[in-house]
Each structure stands twice: as structure tokens, then as C-alpha cells.
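Undergrad: below: sequence and its predicted model.
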Amino acid sequence: MKKITIIILVLSYKLCVCQVLLDANGQGNTYEEITQVLAPGYNPVEVPDCNHSIFGRHIDEIFDTSLNVYVFRFILHTTPDNDRCLNFDRQRNEIKSYDKSPDNLLGIENEIVEYKWKFKLDIGLQVSSNFTHIHQLKSVGGSLASMPMYTLTLRKSNPDRIELRYAETDTQITLKQTDLTPLKGVWIQAIETIKYGTNGTYKIVLKKVSDDTELFSYTNNSIINWRTGADFVRPKWGIYRSLKNSSDLRDEEVLFANFSIEELSTLSNNNEQMFDDKIQLFPNPSKNLVKIKEGISDSYTSLKIYNNLGQEVLHQKSNLKIIDISEFTLGVYQVIFQKNKKNIAIKKLVID
């Protein structure tokens, strides 16, 4: 007989709500692996295959001897690759989360999210004097959606450089830049932490995987990270480059590994005080159904349940007062209550 235990979770700003991982496994179904994590049943892969089908897939997996794991290889050819047969002055080979992705892969206002990944640029990498983006955080919704909020871009110069670009509205500025040379030919660990909001914070650190040497960093503890009319912010990784000076370029490969999206905090102090102790789950234990008791009427409008891998297993878009857990496997789950798309309470559910 299954034993169901409901545990009230005491929250703080350092609480990890959930973490989603994307790792190469070498089995060959690369697009399917990426899709299963970033947008199950949809298409989070933006590749130039439509105009270069004879080559095959432009993201595959290879075994890397320095990391001793399989990694993702993103491939672009100077010709004939373009931007999904939509734009022909640029090339795109990227993966992303978007509106079809699970909500825990989308940054929302007042949420703190940590993005981690590894990447390796070839020692002979050639970049555009216009842009060669390898990572973006893009705001979706509102009039400024076409302009990325943060961008890591590589630019031809003397010497070539890596730039961290930022746009509060529709104009980008360079927050910091440095010589690209030390970042070539080695695996780099990127850790990016952002608090989304009009009183936001941002930090990024790039280190060599081999010896933990810091090669680039930037921190801002008071920066605007939310735009009027925005619905969410989504990450993108890959190669997105201009063809306006194609003579600067060559066929290119960039390696990526160990993507992680982790929600560090989603509740404000006020919301925690107002609702977290006002929502209860019972009985304890339970076999099939868990009931919800509210101390404040209509305190939530929907709920989501995540397993211990950070995968969404239930999204109930109503304030029904019963959760059917009869088909859940054994393990630890988190029940996140929302009102108007904002998290207002979290409870831990253990099924053993």
C-alpha cells in the first residue's frame, strides 16, 4: 500500500523550486531529446535544415574526451545555411524555451533564475564584425519583444572580443567586453543569475572548466529586468550570426553541454506571509486524492506539480480543491499555487 505524506515547506529566498537539466546522451535522436526537455510535443529547435537538407541535422552529439561525456555540436555552413528559410542575411542554429514550454522554463516577474551551461569555441573560430550571438535572454510580449534583454555576442575586432549586451528598451548597450582569445579552444562554464523585475539584479561568470580560472564576469545589483507588457523571458543558446560580411566567416562548430535552468525563488515576502500558511493539503497520508483547504477564499487560480527532476507532471488551471495523485510514481513533488500567473505558495508532497 502506498503511503502519502504531505509536508509543509518553509520558504526562504534561497529555496530551489525546481531544476531542469538538458544533457546529451549520444543516442542520436538529438532534436527529440532537446524537445522532450524544452517543449515536449512542440518545436524548440531553430535550425537551417530547410535550406540544407542534404547535410542532415545541424545539431548532433559527439563524445568529448576532456569532459568525458557526450556533448551537443551546433553546426553552421557559410552557404547555404540561413535563418529557417525566413531571413537570408543571417544564419540561425539555436535552441530555446518559448510559450509552448513548461512554465518552469520561463522567467516571470519577481522570480530569481539561475542558468548554467558549458560551451567550447574552436581555436580557429571566425566571427562577424556585425554579430555572432551564442546566448540570449529574450522578453516575450509587449512592444519590445524583438529586442533581446541580454546577449552574449562575439565580434570581429582587433583582437576579437566577447561582449555582454543589454537593452532596457529598444536600444542595446555593451555592459562589458573582453578579449575573446582566452575563451577559444577550452571548455567554459557559464553561470548566469537574474532576478526578473523592475528592481532586478544580474550576474554572469565565465570560467575555464579545467582549472576554474575566471575569464569574464559582470554583476549589477540594481538593473531593470522587466518590460512593460511582457509575459515572460526565455533563454536561447546556439549560433546566430550575420551574413552581411560573410567573407569574415567560415563553416563553424560550437559545442554545448550540461544546460541547467533552476528557479531559486518565486515568492515575495509579502506573498509568502499572505498565502503560504493559508493553504493546506490533507489528509495525511492519502492514497488517491489530496484535498486543498484555503484560509482565504479564492487565494489561487491554478496549481502545478513538479517531480524531483523539475518536470511538470500536472497543471490544473482552476481552483478545484482536489488533486488526483493516484497515477503518480513514488518520489518527492512540489505543488506550486498561482494567482494571475504569479506563484503565491509552495507545498512539498512526498509519495512513498
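TA: Noted; the coordinates are in hand.

Undergrad: now do the helices in the stretch 251-352 of the chain.
TA: 269-271 (DSSP state H, counting those that start in this stretch).

Undergrad: mind jotting down where the strands sit in it?
TA: For the stretch 251-352 of the chain, the strands defined by DSSP state E, counting those that start in this stretch cover 252-265, 279-282, 289-294, 302-306, 312-316, 322-324, 331-339, 342-351.

Undergrad: in contact with the residue nearest to V45 when sequence neighbours are not counted, which residues?
TA: Among residues not flanking V45 along the chain, Y31 sits closest, at 5.1 Å (Cβ to Cβ, 6 or more residues apart in numbering). In this view, the C-beta of every residue, glycine as well, is placed from N, C-alpha and C. Listed by Cβ atoms under 8 Å, 6 or more residues apart in numbering, the contact set of Y31 reads 45, 47, 57, 59.

Undergrad: and those, which is closest to Q338?
TA: Comparing the contacts of Y31 against Q338 with Cβ to Cβ places V45 closest, at 28.4 Å.

Undergrad: doesn't I59 make contact with that closest one?
TA: Yes. Taking contacts as Cβ atoms under 8 Å, V45 lies within contact range of I59: 6.9 Å.

Undergrad: let's have the strands of the stretch 251-352 of the chain in JSON lines, adding mean neighbour count and mean pLDDT.
TA: Converted to JSON lines, these look like this (neighbours: other Cβ atoms under 10 Å; pLDDT from 0 to 100):
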{"stretch": "strand 252-265", "mean neighbour count": "20", "mean pLDDT": "92"}
{"stretch": "strand 279-282", "mean neighbour count": "16", "mean pLDDT": "81"}
{"stretch": "strand 289-294", "mean neighbour count": "16", "mean pLDDT": "85"}
{"stretch": "strand 302-306", "mean neighbour count": "21", "mean pLDDT": "86"}
{"stretch": "strand 312-316", "mean neighbour count": "16", "mean pLDDT": "85"}
{"stretch": "strand 322-324", "mean neighbour count": "15", "mean pLDDT": "87"}
{"stretch": "strand 331-339", "mean neighbour count": "19", "mean pLDDT": "83"}
{"stretch": "strand 342-351", "mean neighbour count": "21", "mean pLDDT": "79"}
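
Undergrad: now these as a markdown table including distance to K96?
TA: Formatted as a markdown table, the strands of the stretch 251-352 of the chain follow (distance: least, Cβ to Cβ, whole Å):
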| stretch | distance to K96 |
| --- | --- |
| strand 252-265 | 11 |
| strand 279-282 | 33 |
| strand 289-294 | 34 |
| strand 302-306 | 20 |
| strand 312-316 | 17 |
| strand 322-324 | 31 |
| strand 331-339 | 23 |
| strand 342-351 | 22 |
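
Undergrad: beyond whichever strand or helix holds E61, next helix or strand please.
TA: Using DSSP states H and E, E61 sits in strand 59-64. Toward the C-terminal end, the helix or strand that comes next after strand 59-64 (DSSP H and E) is strand 69-76.

Undergrad: can you list the strands that that following strand pairs with?
TA: Taking DSSP bridges as the criterion, strand 69-76 sits next to strand 59-64 (antiparallel), strand 252-265 (antiparallel) in its sheet.

Undergrad: show me the one of those strands that comes nearest G141.
TA: Closest among the strands paired with strand 69-76, once you apply Cβ to Cβ, is strand 252-265, at 19.2 Å.

Undergrad: ok, back up a step: joint contacts of V45 and I59?
TA: 31, 34, 95.

Undergrad: and for the nearest residue to D89 once chain neighbours are set aside, the neighbour number?
TA: Spatial nearest neighbour of D89, chain neighbours left out: L243 (5.4 Å); criterion: Cβ to Cβ, 6+ apart. Using other Cβ atoms under 10 Å, L243 has 19 other residues around it.

Undergrad: just the one 4 residues further on next, same as before
TA: Look at S247: counted by other Cβ under 10 Å, it has 7 neighbours.

Undergrad: helix, strand or coil: sort out it for me.
TA: helix (DSSP: H, G, I helix; E, B strand; the rest coil).

Undergrad: re the thing from before, pretty sure the residue nearest to D89 is touching Q91, no?
TA: Yes. With contacts counted by Cβ under 8 Å, L243 reaches Q91, the gap being 6.2 Å.
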